[in-house]
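[1] Fold the following for me, if possible:
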Amino acid sequence: MQRNKEEIGHIMSIMSDTIASFREEAERENIRIRILGDLLNSGFPRDVCHSLRDLESDSTRWSGSDRDTSQLTVCLAINYGSRQDILSACKSIIQSTPESNISEDTLKQHLGTADLPDPDLIIRTGGERRLSNFLLWEAAYSELYFCNEMWPDFNEECFRRALDNYKQRERRFGTRKELSPA
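    Residues are numbered from 1 along each chain as shown. Here you go, the predicted model:
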């Protein structure tokens with residue numbers, strides 16, 4: 001982590017305070033929780049790590065093991081870095097896959113997000129205009145939305161603005177926009 005100790009302490013406090021209430025809502029709403037990143041080496045307090053792993057595990061039980069039986073999957077990126085995820089996937093491929101069989105699908109299946117669809121929309125809060133090592137592989141055709149609100153202040157109204165903005169976009173997935181005949 002590249003944050004100062006005071007900020008990390010504040011984040012841990014927020015996490016501890018919200019895990020229990022989020023658990024109740026996730027179970028009630030049939031939401032699957034996925035932890036992306038290296039929780040083991042995160043430096044997070046053990047009780048927070050344990051609570052998060054329990055939340056992820058329990059959500060599989062109440063929502064079903066795949067995304068088709070769950071209404072929504074919420075991914076929590078904790079001590080996550082896309083470059084590290086890609087590097088780990090490459091190392092895993094080297095150990096398990098014949099060289100001639102490596103493809104985009106091979107890499108995708110070794111990423112930490114292998115069982116998740118690529119995101120349609122990535123919302124970046126805090127006024128930043130970059131991905132910051134977040135889902136670099138998966139974001140290839142994602143729509144990006146940037147806002148000035150900091151994450152703790154990002155509320156339902158902010159989310160609705162992001163969705164309204166997203167609804168106005170034309171998804172082309174790498175193809176060119178059709179030009180009108182002149």
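[2] where does residue 32 land in three-state SS?
    Under DSSP: H, G, I helix; E, B strand; the rest coil, the three-state class of residue 32 is strand.
[3] I'd like to know how far it sits from residue 121.
    18 Å (CB to CB, to the nearest Å). Placement of C-beta: from N, CA and C, glycine included.
[4] if you count what's nearby, which of the two comes out ahead?
    Each of residue 32 and residue 121 has its neighbours counted (other CB atoms under 10 Å); residue 32 has more, 22 against 13.
[5] you'd agree that one is up against residue 72?
    Yes. Residue 32 lies in contact with residue 72 (CB atoms under 8 Å); the separation is 7.1 Å.
[6] Could I get the buried residue list for the longest helix belonging to the chain?
    What stands out as the longest helix in the chain, according to DSSP state H, is helix 5-28. Of the residues in helix 5-28, 11, 15, 19, 22-23, 26 count as buried by neighbour count, 16 or more other CB atoms under 10 Å.
[7] what does it contact?
    Helix 5-28 has contacts (CB atoms under 8 Å, 6 or more residues apart in numbering) with 1, 3, 31-33, 43-45, 47-48, 51-52, 55, 58-59, 62-63, 74, 152.
[8] about what we covered before: for the buried residues of helix 5-28, give me JSON lines that also has pLDDT and distance to residue 82.
    Listed next are these as JSON lines, based on pLDDT from 0 to 100; distance: CB to CB, whole Å:
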{"residue": "11", "pLDDT": "81", "distance to residue 82": "20"}
{"residue": "15", "pLDDT": "80", "distance to residue 82": "21"}
{"residue": "19", "pLDDT": "86", "distance to residue 82": "25"}
{"residue": "22", "pLDDT": "87", "distance to residue 82": "24"}
{"residue": "23", "pLDDT": "88", "distance to residue 82": "27"}
{"residue": "26", "pLDDT": "89", "distance to residue 82": "25"}
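[9] No further queries at this time; thank you.
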